[in-house]
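# Sequence first, then the predicted structure, then my questions.
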Amino acid sequence: MGVPFEALIPYAIILGMFGFTGAGLSKVRHMQNGGKRARHSVDQWDRQMMDRDRRLTGFLRGQTDRVEAPQGFELSNPWRVERRFH
């Protein structure tokens, strides 16, 4: 005796929702990375370079081929200087 197809409808709905959610999250991550694939195993150097690219272009994964930095970049130093005791 077969299983009535009505018993499989909830499973199809759940499977469809998982697929829709996975595709939506993948698209959001793709858009957040400026249209590039997501990065894995990002170390400190990669974070530093991505922060530099963000300060140069405005996008975390953006890159530029301009030789000179934009106006105001010389004041956009990520290093924080400690206050000296006098």
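All right, it came through fine. Quantities reported herein were computed from a predicted structural model and do not represent experimental measurements.
# Tell me the gap between stretch 12-30 and the middle of its chain.
17 Å (Cα atoms, centre = their mean, to the nearest Å).
# likewise stretch 30-38?
6 Å.
# And for stretch 37-53?
For stretch 37-53 - counting by Cα atoms, centre = their mean - the centre lies 10 Å from the chain centre.
# now what about that stretch, what contacts it?
With Cβ atoms under 8 Å, 6 or more residues apart in numbering as the test, stretch 37-53 has contacts from 29-30, 33, 59-64, 78. (Each C-beta comes from the backbone N, C-alpha and C, glycine too.)
# hmm, try it at 10 Å
26, 29-30, 32-34, 59-64, 73, 76, 78 (Cβ atoms under 10 Å, 6 or more residues apart in numbering).
# Assign Gly35 to helix, strand or coil.
Three-state assignment for Gly35 (DSSP: H, G, I helix; E, B strand; the rest coil): coil.
# Tell me who's in contact with it.
59, 61.
# Do a quick rundown of the helices in this protein.
9-32, 44-57 (DSSP state H).
# looking at those, which is buried most?
helix 44-57 (a mean of 13; mean count of other Cβ atoms under 10 Å).
# per-residue confidence averaged over it?
For helix 44-57, mean pLDDT is 85.
# Phi first, then psi, for Ala38.
Main-chain torsions, Ala38, degrees, to the nearest 10: phi -70, psi 150.
# Can you get me a residue count around it?
11 (other Cβ atoms under 10 Å).
# Please report how far it lies from Leu25.
10 Å (Cβ to Cβ, to the nearest Å).
# Reformat the helices of the chain as JSON lines; add distance to Gly2.
Formatted as JSON lines, the helices of the chain follow (distance: least, Cβ to Cβ, whole Å):
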{"stretch": "helix 9-32", "distance to Gly2": "15"}
{"stretch": "helix 44-57", "distance to Gly2": "55"}
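# where does this structure have low pLDDT?
The chain contains residues with pLDDT under 70 at 1, 72, 74-86.
# domain ranges for it?
What automatic domain parsing lists as the domains of the chain is 8-38, 39-76.
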